[in-house]
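Visitor: sharing a model prediction with you, sequence too.
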Amino acid sequence: PANAVPFNQDWRGISAATFQRFGAFQHNNPEFIGRVVIPIRSITDKIVSFCGRHQGQNDPKYLFHPSGNSLPLFPLVKPIQGKIILVEGIMDMMNLHDKGLTNAVCAFGVNKVNEDKINILKIQGVSAIDIFFDNDDAGQLGAEKLKELLEKHELPSRNITMPGVKDPGELTASKVIKIKETLYNA
């Protein structure tokens, strides 16, 4: 958008280069002051929404514009050995990408995956999904429900949890590398 300023700093353990790769910016629009804004793109690379993550403790933490849009699974990635790793939030996804796990995809919440999105994944050549939702009650319940839905649609999945880890957004580079090695022998 006009008057957008590229976001080019490290934040939340994610490098400036990763924010730049995803087109992150800041803007003086009153809705987005104090937020890092990331354009959300569809499978055709069209911007369908903007996700603004507040840099402080203000509510709402995330703001989407326009509100009410159906969000795609984001971003479009190249599967590793036919698999993607599905996370709840955009910062979780960006942290994994930043640390080298480039098949991470954001669902934008625990209940946002539906049959249409599953079919799109299958068309893209995804043959299995590793679910790595937050390690809280909502995340784990959502992961179990999603696992059932994926298996109903013949897309094998497994739920990934790590003791002591609240969410993928807090993982260090060494932990992400270990996950990548464990999941994909890469």
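Guide: Arrived safely.

Visitor: for stretch 92-111, which positions count as buried?
Guide: By 16 or more other Cβ atoms under 10 Å, the buried positions in stretch 92-111 come out as 92-99, 101-108, 110. No exception for glycine: its C-beta is placed from N, CA and C like everyone else's.

Visitor: can you tell me the closest non-neighbouring residue to the residue nearest the centre of the chain?
Guide: Nearest to the geometric centre of the chain sits C106, at 2.4 Å (Cα atoms, centre = their mean). Distances taken as Cβ to Cβ, 6 or more residues apart in numbering put M93 closest to C106, at 4.0 Å, once the chain neighbours are dropped.

Visitor: which helix or which strand is home to the one you found?
Guide: Secondary structure assigned from DSSP states H and E places M93 in helix 90-98.

Visitor: counting contacts, what elements does that helix pack onto?
Guide: Identification of packing neighbours for helix 90-98 by 3 or more Cβ pairs under 8 Å, 6 or more residues apart in numbering; DSSP states H and E yields helix 16-21, strand 47-54, strand 83-87, strand 104-106.

Visitor: and the angle from that helix to strand 47-54?
Guide: On the basis of axes from the mean of the first three to the mean of the last three Cα atoms, to 10 degrees, helix 90-98 is oriented at 100 degrees to strand 47-54.

Visitor: could you dump helix 90-98 to PDB, C-alpha only?
Guide: Taking Å, rounded to 0.1, in the frame of the first residue of the first chain, the C-alpha atoms of helix 90-98 are listed here in PDB:
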ATOM      1  CA  ILE A  90       1.700 -16.800  11.200                       C
ATOM      2  CA  MET A  91       4.500 -16.100  13.600                       C
ATOM      3  CA  ASP A  92       4.900 -19.800  14.200                       C
ATOM      4  CA  MET A  93       5.200 -20.400  10.500                       C
ATOM      5  CA  MET A  94       7.600 -17.500  10.000                       C
ATOM      6  CA  ASN A  95       9.900 -18.700  12.800                       C
ATOM      7  CA  LEU A  96      10.100 -22.200  11.300                       C
ATOM      8  CA  HIS A  97      10.900 -20.800   7.900                       C
ATOM      9  CA  ASP A  98      13.500 -18.500   9.400                       C
END
